[in-house]
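Student: Next one to model:
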Amino acid sequence: MLNFIYYPVSAIMWFWHKVFGYVLGEASGVAWALSVVFLVFTLRALLYKPFVHQVRSMRKMQEFQPEIQKLKKKYGNDRQRMAAEMQQLQREHGVNPLGGCLPVLVQVPVFIGLFHVLREFKPGKTENYVFGASEVESFNDASLFGAKLGAWVTQGSEELARLGTSIPQMLIVMIPLMIAAGIFTHITARHSVARQTEAQAANPQAAIMNKLMLYIFPIGVVVGAPFLPLAVLLYWVANNLWTLGQQYVVYRRIDAEETAKREEATAARRSRAPRPGQKPNRDAAAEQQKAAAQDSVSDSEADSGTDDEAAPPAKKPGGKPVPRGPNSAKPAGGGGTGSAARNGRAAGGTSRPPAVRKGRKRR
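Tutor: Numbering: from 1, shown residues only. Predicted coordinates for the structure are as follows:
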């Protein structure tokens, strides 16, 4: 029924057994144990990109967590409307909730497939999916420190004796693997929980799930170890070791990317900000044109004032001077532009023509 799972799992295990069996011998228990370990590594390597996508989805979910809390407060009693609003929010932020579950969902059938393939290594069988009769016999003869990889402790002493091992020999290998599997499961869960935000941790459903991951799952591995083949415990330990290393690498990489993005955004804001004493959002060319226009206007005003007062004023037939320009009509003590020009020449030591001095005395 599940041959589409059993055949790929057995094929990957067969390949790695051929690789390590070529070096260590096909009947070596270490070669069979390594074939199980590298079966895990192969499958997890294929799931590396989905895992990265899962982490990125979790980061995006953390970014709009306040919006989720608002939806919960607004539609807390209407689950159907709440689900529709959540889907709309996830589409807007480009988050696929199923993408985060893919690595976990894929590992479940792999675990089931490995468990079934190991149980099919029975004495006297002529095949086990891609394994032939000689390979089935090689697996049954191989042992790891006296323990059979396909056997488990609860089979009983008689069955274990028929397989060529005993309960003490099984316990010597099973207990360390059982403890390691429980510890690594707890560490992996703790590492994942530590990446959650305060809002996620405060969620009652998330708090329950965190307790299950931190304590119930590791205890379940320890309690269920006597009912599992040793090769499955090897699978569990190798899977958690890979997860720890993968989390370390992926989280560091994503943290470095986010730090670089924040630094680029900060640098961009600083580059757009005005310097001390500099006018904000002012084009340099416009400033230069405006300054040049102001200078030309000032020069023309100064020149007009100088010409008006340097020339002697024209007289009317009654002896009164006729003003020649707008500035000449002002009193001598006024603050016009011509006055400023005369004051400037006086400060610079430039003398006025005699005709001008006489004109000032007559007025």
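
Student: Count residues in the vicinity of residue 265, would you?
Tutor: Around residue 265 there are 10 other residues, counting by other C-beta atoms under 10 Å. Yep, even glycine has a C-beta here, placed from its N, CA and C like the rest.

Student: any idea which element it lies in?
Tutor: Taking DSSP states H and E as the criterion, residue 265 maps to helix 230-272.

Student: what's that helix packed up against?
Tutor: helix 29-46, helix 48-63, helix 97-119, helix 167-194 (3 or more C-beta pairs under 8 Å, 6 or more residues apart in numbering; DSSP states H and E).

Student: Flag every buried residue along the last one.
Tutor: Along helix 167-194, these residues count as buried under the neighbour rule (16 or more other C-beta atoms under 10 Å): 167, 169-170, 173-174, 177-178, 180-182, 184-189, 192-193.

Student: can you give me the angle that helix makes with helix 230-272?
Tutor: Relative orientation of helix 167-194 and helix 230-272, computed by axes from the mean of the first three to the mean of the last three C-alpha atoms, to 10 degrees: 20 degrees.

Student: likewise the first one?
Tutor: Per the same axes, to 10 degrees, the angle that helix 29-46 makes with helix 230-272 is 30 degrees.

Student: Quick one: mean pLDDT over helix 29-46.
Tutor: Helix 29-46 shows a mean pLDDT of 92.

Student: what angle do that helix and helix 48-63 make?
Tutor: 50 degrees.

Student: how about helix 29-46: buried residues?
Tutor: Buried residues in helix 29-46 (16+ other C-beta under 10 Å): 29, 31-41, 43-44.

Student: one step back: among the helices and strands packed on helix 230-272, which is nearest residue 244?
Tutor: Nearest to residue 244 among the helices and strands packed on helix 230-272 is helix 167-194 (5.8 Å), distances taken as C-beta to C-beta.

Student: Who are the packing partners of the closest one?
Tutor: Using 3+ C-beta pairs under 8 Å, 6+ apart, the elements in contact with helix 167-194 are helix 157-163, helix 217-224, helix 230-272.

Student: go again using 6 Å as the cut-off
Tutor: helix 217-224, helix 230-272 (3 or more C-beta pairs under 6 Å, 6 or more residues apart in numbering; DSSP states H and E).

Student: Show me which helix or strand of the protein is least confident by mean pLDDT.
Tutor: The least trusted helix or strand in the chain, going by mean pLDDT, DSSP states H and E, turns out to be helix 337-347, with a mean of 43.

Student: Please tabulate the helices and strands packed on helix 230-272 in a markdown table, including the columns distance to residue 251.
Tutor: Putting the helices and strands packed on helix 230-272 into a markdown table (distance: least, C-beta to C-beta, whole Å) gives the following:
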| stretch | distance to residue 251 |
| --- | --- |
| helix 29-46 | 16 |
| helix 48-63 | 7 |
| helix 97-119 | 15 |
| helix 167-194 | 8 |
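
Student: To residue 156, which of the ones you listed lies closest?
Tutor: Within those, the stretch nearest residue 156 is helix 167-194; the backing value is 8.4 Å (C-beta to C-beta).

Student: tell me the mean pLDDT over the closest one?
Tutor: Averaging pLDDT along helix 167-194 gives 90.

Student: tell me the angle of it relative to helix 217-224?
Tutor: Using the same axes, to 10 degrees: helix 167-194 against helix 217-224 is 170 degrees.

Student: Cool, thanks, talk later.
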